[in-house]
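Participant: Here is a sequence together with a model predicted from it:
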Protein chains: 2
Amino acid sequence: MNSLYLPLVAGIISTIFAFVMLRRTLGFSQGNDRMKELSKYVQEGASAFLEEEAKKIFLVAVILAAVLGIIFQSFKYPIVLLFGALVSEAAGVIGMYAATRANARVAAGAESGLSSAFKVAFSSGSVMGLAVAGFSLTGLAVVMLVFKSSFVFEGITDLSKAFGRISYIDGVMILSSYSLGASLIALFDRVGGGMYTKAADMSADLVGKIEEHIEEDDPRNPATIADNVGDNVGDVAGLGADILESYVASIVSAIVLAIFMKFADHGTMTESQYYGLILLPVLIAGAGVLSSLIGVLVVASLKSKDARKSLSFGNLFTGGLVLASVAIVIGIAAPDYPFKDAFLINPEFVSRWRLFFAIASGLIAGIIISKLSEYYTSDDYKPTRKLAKDTQSGVAINITGGLALGMGSTLWPVITLAIAILAAYLSAGVYGIAIAALGMLSFVGYIVSVDSYGPVADNAGGIAQMANLDPKVRKLTDRLDSVGNTTAAIGKGFAIGSAAFAALSLIVSYIWGSAGTAEEIINNPVINLVEPYTLIGILLGGMLPFFFTSLLIKGVADTANLMIVEIRRQFKETPGIRTGEAVPDYRRCIEITTKGAVSRMLTPGVVAIASPFIVGFLFGRSAVAGLLVGGLSSAIMIAIFSANSGGAWDNAKKFIETGEYGGKGTPTHEAAVVGDTVGDPLKDTVGPSMDILIKLMSVVSLVFGSLFPVTPFFM
Amino acid sequence: MNSLYLPLVAGIISTIFAFVMLRRTLGFSQGNDRMKELSKYVQEGASAFLEEEAKKIFLVAVILAAVLGIIFQSFKYPIVLLFGALVSEAAGVIGMYAATRANARVAAGAESGLSSAFKVAFSSGSVMGLAVAGFSLTGLAVVMLVFKSSFVFEGITDLSKAFGRISYIDGVMILSSYSLGASLIALFDRVGGGMYTKAADMSADLVGKIEEHIEEDDPRNPATIADNVGDNVGDVAGLGADILESYVASIVSAIVLAIFMKFADHGTMTESQYYGLILLPVLIAGAGVLSSLIGVLVVASLKSKDARKSLSFGNLFTGGLVLASVAIVIGIAAPDYPFKDAFLINPEFVSRWRLFFAIASGLIAGIIISKLSEYYTSDDYKPTRKLAKDTQSGVAINITGGLALGMGSTLWPVITLAIAILAAYLSAGVYGIAIAALGMLSFVGYIVSVDSYGPVADNAGGIAQMANLDPKVRKLTDRLDSVGNTTAAIGKGFAIGSAAFAALSLIVSYIWGSAGTAEEIINNPVINLVEPYTLIGILLGGMLPFFFTSLLIKGVADTANLMIVEIRRQFKETPGIRTGEAVPDYRRCIEITTKGAVSRMLTPGVVAIASPFIVGFLFGRSAVAGLLVGGLSSAIMIAIFSANSGGAWDNAKKFIETGEYGGKGTPTHEAAVVGDTVGDPLKDTVGPSMDILIKLMSVVSLVFGSLFPVTPFFM
């Protein structure tokens, strides 16, 4: 267990560098007073939202922790849960701190050229990236070191505690409690942030652009600051918490599977093999964190004037570094692997390199899915171009076409995913699936850095516009932003792919963890697909993502409606706003969006947490297994559909704005704007929330699974 | 087996009355020459489409029959398959013959009042209703009598034939081949007809209403006849074939399950119990057919002036009659039932009345689902009213709101379905699930009569408009049509509910039928949910309905685009059309829609048929089980979502047209029209196709399931 200090050190190094990059970011010039003032508004708005949101989240977290503590009569698990939540929240807070302080600085940097603007933007993005990787790994290593005794080889052979039907393994509970804490933050950050950003965006556009005919980011629009705050809370904090959660879940599920493998192993696994399997995921993560750090530092020090080139180079460089370091870790630390057929009966020790194949299959799938989503949404390719062309026939055809495009775009990503799951499984069983997810996520530090840099550039553009800087500046930030969009698409592919792999591993862990008896664990539990409880679980699970989507869309729409009323009121009651003589009440708008988004995020959150409980207690553990699998399938489809429909609508509009089919001001462009507006909440609120919905449900089931009756309550 | 003559006679009686009602329909006056001429156009267009469509369908059917014959080295199965297809096609042809000849007659009847218009419309609708029930039951009884020896008690104990891995039960193959024939017709009729009707409708509206500012059903619109043909081929022929297929599938799956129960029974089932179980479904169907006939005759002879009242009375009366007659059949013919726990191990004979409870749970679920869909889509309730109100904020909000409404509306129907499935299962095991589907469908003769009457009334309105009849006439046909819409909603609830039950029974049958060995059948095959092959099957199955939806929408859009070009060309090249001096070339439009729809229906059809084969041969039978279950879940969600989104958009528009929020001519109304246009292909092409997609996939799997390897090809 002493090798845990290695990832601990890696995590601490990454954490230190997060602060170094923050210092570096804060060292750049903020530009003139107007820019400082605007940035200040955004900072205050973002902090206010984060605070409101955190209050509600921690209320839910404390309740859940209390339930956990009471049921399992233990202080350990609730504390670990709250610790997991704190770690995730802390990463979000520091990342957002950097991002909201970088916007004016990027705009100021852009005044002296692209290269310096890129440097500021990337530095600030890397604060979030390094914090996500560093905090989460440090936290996990600390938890495992503190509760070392729960993971020792000898302890695993027994159920550590048993009262009533509840029987569980201590180490599994500790790890999944940590993961649950991170999941809670991720769900609410994604859902709350996603609602905030789109409600602000839609209302600012609908009143500003359409009714008042003023441009995006015009300081006369009372919602413009809220809109810029939204970029930070949705795309920086939300994204960071989401990826952190995936990362933790994939490490945790791999370790949990290793523990169950040991338990179900009929005594053939040796001590060194066991430790090899439970430490490997943390070591791989550590190697990934260090590789990402190097990648980030290299990109941040590049002097190239071409941001796209720098990032592409960074992708390749970091990806290669990660693969190489993972290979080294496997070569040194992985045991010969006790691979077995379905569910690991009949063990047969095979080469450790099969683990590497599993990781590679995950990585390749992530890349293919990203490329496919680029194909469906970029205006360089046929689908989006055809959508733009068909938009000439009017709004209805634009909407219908976008829906068809998104739904049809599920075909190849799902086939890719299916083949990759199979490849990972055939290489190294269910452990292989978990480790493949980890492979996709091991350059998380780098990916989050790149993904967070986009919204910062976007915000800088807003500041430039509002502060009336030279249009050249806005052009430069727009170029940075557009590069960010492309790289963000890559992030999305990995997010969906890794969520699928991580959720699958969690589901398998749940099924083991919810086994009624130790004998059943050893004899490898079977969930019969055609048992009616499983079937109704699948139906209910298939339904949940649809219902969840409707809650999200309604939340965005209702909050946007409140905002629309307020913006109109300000324009009406203070005519000076329109002429630029009066300053709009930005704070009031921020307050309304904050309140709206925070209050609307609770219902979907509670639905996600409560549904495994309800189904579990009513219909038993097979039904929950069905719920998770049905939910996974449905969530993947809606995630791909909404991301690609939304992306295609967005880019079809942008394509038309370049002058195609008449360009701006034509009915075709107007129709494309409607499509873009419909797509906005789909791609930025619904799509990203799907991944975390299914992961949270899986983690909740894993933690509380041992409580669910084997047969339904009425049998 | 001699009691098979009872349902045979019931089927023949229903068939005879179908012709009686046809004679009665043809006996009414057709009105003036203009009306005759217009009706003639519609008749020709509908026949031309049916013919084109039939050519392609029979090509596919013959290929599939040949494959079946070659693989199983038998002439029986292909012949039964083609017979099943012919029976379904024949019912469609006669129903459409009546419907297309009734339109002018209803319009003529409306000149002398509602009561006589209703009489004509309902008579013509009942031709389809009685033909669907009569033909299908007669055909099934004939097949079972001709191949009597395949169903005898002694024959069932052995696998009748075995070469290589293929092992199957003769009686199961015969029944499922019949069902497959009906499924093929249903899929292509639904998909082809659905594309036709919406392509014609959308293009007629987009050019006629929006560009040329002429009313619906204006004879100057070149697409108007095609639009009226569409009502017949989509809503009459498509619906008839669909419900016929559900009906056959639910009877067949109940009998097939009974055969497997006997096979897996360890020899405790007596001869009389066996015959009781395999004959019960046919006897229930027979009782249902006769009850429906009585219901139809009573409604057709009512002299009431209130069509809504007549139909409501008819619903209650027929429903009561069906329940009573089913109770009598169960009392007389059902055996004490060998109910067992999960999958019928540990038999224990229980009261035959449990079967009645299963049927009741199916019926109640059907009613609840119908009421829910009324709640979500009728402008009498909050959801659609809120949608109409929010439409004031513009198109984007209307679209977003409609999507959210539809997706959210999956919650309660799915919960209802889950509870009903459980109730049916707990009452009488998997056989209970099949028999519950049959219960929902046993008044199929009546339901199809009512459902077919709506489009006839719709068409009559078109004829009245085009023939320039007194506006009073149009008002009357509109009233008839609106009553039809309400009752059609009830039909939709039953269609979705019964499809879910029927598909589930077919899936269970498939799993039994694809068992590798006789031993496995006896020991009750288990499909492990968490085996990777099952999981990837579920993912692929979950994806298919999304992909299928995109094919359908694209088919509609592409065909509509071809039509738009043609309509614009006619208006441009023949200016006399606009002034009413020249007659548009209706035939050319009909040709284009026919060609477009027929060519576009092939891909989705082949996808539905081929996917179980591909997945089965590549990944084995567990993957196919996953494919079917994942597909079922996804298809149910999309069916409910698209039906309710589409319905709500439609009715929100109608609500606004009554003068709310400014009424016609306002931007709000314009926005609502866009929503309606987007919803049209969803509710009338996509939604109805989902039920049959999943049933067809299940039947294909049942027929060919014994070919699929137990493990994937690479293992």
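Facilitator: It's in.

Participant: close to chain B, is the helix or strand A:Val624 falls within?
Facilitator: In this structure, A:Val624 sits in helix A:621-657 according to DSSP states H and E. Yes. Using C-beta under 8 Å from any C-beta of the partner chain, helix A:621-657 reaches chain B at A:622, A:625-626, A:629-630, A:632-634, A:636-637, A:641. Where C-beta positions appear, they are placed from N, C-alpha and C, glycine not excepted.

Participant: how about stretch A:92-112: buried residues?
Facilitator: A:92-111 (16 or more other C-beta atoms under 10 Å in any protein chain shown).

Participant: What's the separation between A:Arg105 and chain B?
Facilitator: A:Arg105 is 35 Å from chain B, where distance means C-beta to the nearest C-beta, to the nearest Å.

Participant: Quick check: the gap between the nearest residue to that residue once chain neighbours are set aside and chain B.
Facilitator: Leaving out its chain neighbours, the residue that sits closest to A:Arg105 by C-beta to C-beta, 6 or more residues apart in numbering or on different chains is A:Phe28, at 4.3 Å. Counting by C-beta to the nearest C-beta, the gap from A:Phe28 to chain B is 39 Å.

Participant: And A:Ile368, by the same measure?
Facilitator: Using C-beta to the nearest C-beta, A:Ile368 is found at 15 Å from chain B.

Participant: And A:His669, by the same measure?
Facilitator: Per C-beta to the nearest C-beta, A:His669 is found 14 Å from chain B.

Participant: same deal with A:Pro222?
Facilitator: Taking C-beta to the nearest C-beta, one finds A:Pro222 at 18 Å from chain B.

Participant: On the three-state scheme, the closest residue to that residue other than its chain neighbours is what?
Facilitator: Once flanking residues are discounted, A:Pro222 sits nearest to A:Pro584: 3.6 Å by C-beta to C-beta, 6+ apart. Recorded secondary structure, A:Pro584: coil (DSSP: H, G, I helix; E, B strand; the rest coil).

Participant: So what's the residue count around A:Pro584?
Facilitator: Residues near A:Pro584, counting by other C-beta atoms under 10 Å in any protein chain shown, number 21.

Participant: re the thing from before, let me see the mean pLDDT of the helix holding A:Val624.
Facilitator: Summarised as a single mean, pLDDT over helix A:621-657 is 94.

Participant: ditto for stretch A:52-59
Facilitator: Mean predicted confidence for stretch A:52-59 is 91.

Participant: how far out from the middle of the chain is it?
Facilitator: Its chain's average C-alpha position is 19 Å from that of stretch A:52-59, according to C-alpha atoms, centre = their mean, to the nearest Å.

Participant: and if you look at stretch A:586-603?
Facilitator: Between the centre of stretch A:586-603 and the centre of its chain there are 22 Å (C-alpha atoms, centre = their mean).

Participant: List the buried residues for it?
Facilitator: For stretch A:586-603, a neighbour-count test (16+ other C-beta under 10 Å) marks A:586, A:588-594, A:596-602 as buried.

Participant: who's in contact with that stretch?
Facilitator: Residues outside stretch A:586-603 that contact it (C-beta atoms under 8 Å, 6 or more residues apart in numbering or on different chains) are A:41, A:44-45, A:48-49, A:52-53, A:56, A:60, A:188, A:191-193, A:195-196, A:199-200, A:222-226, A:229-230, A:551, A:554-555, A:558-559, A:562-563, A:566-567, A:570.

Participant: Repeat that for stretch A:702-715.
Facilitator: A:68, A:71, A:77, A:165-168, A:172-173, A:176-177, A:179-180, A:256, A:506, A:509-510, A:513-514, A:516, A:533, A:612-613, A:616-621, A:623-624, B:426.

Participant: And it, what's buried?
Facilitator: A:702-709, A:712.

Participant: Show me those residues that map onto helices.
Facilitator: A:702-704 (DSSP state H).

Participant: closest point of the stretch 551-700 of chain A to chain B, which residue?
Facilitator: A:Ser633 (3.4 Å; C-beta to the nearest C-beta).
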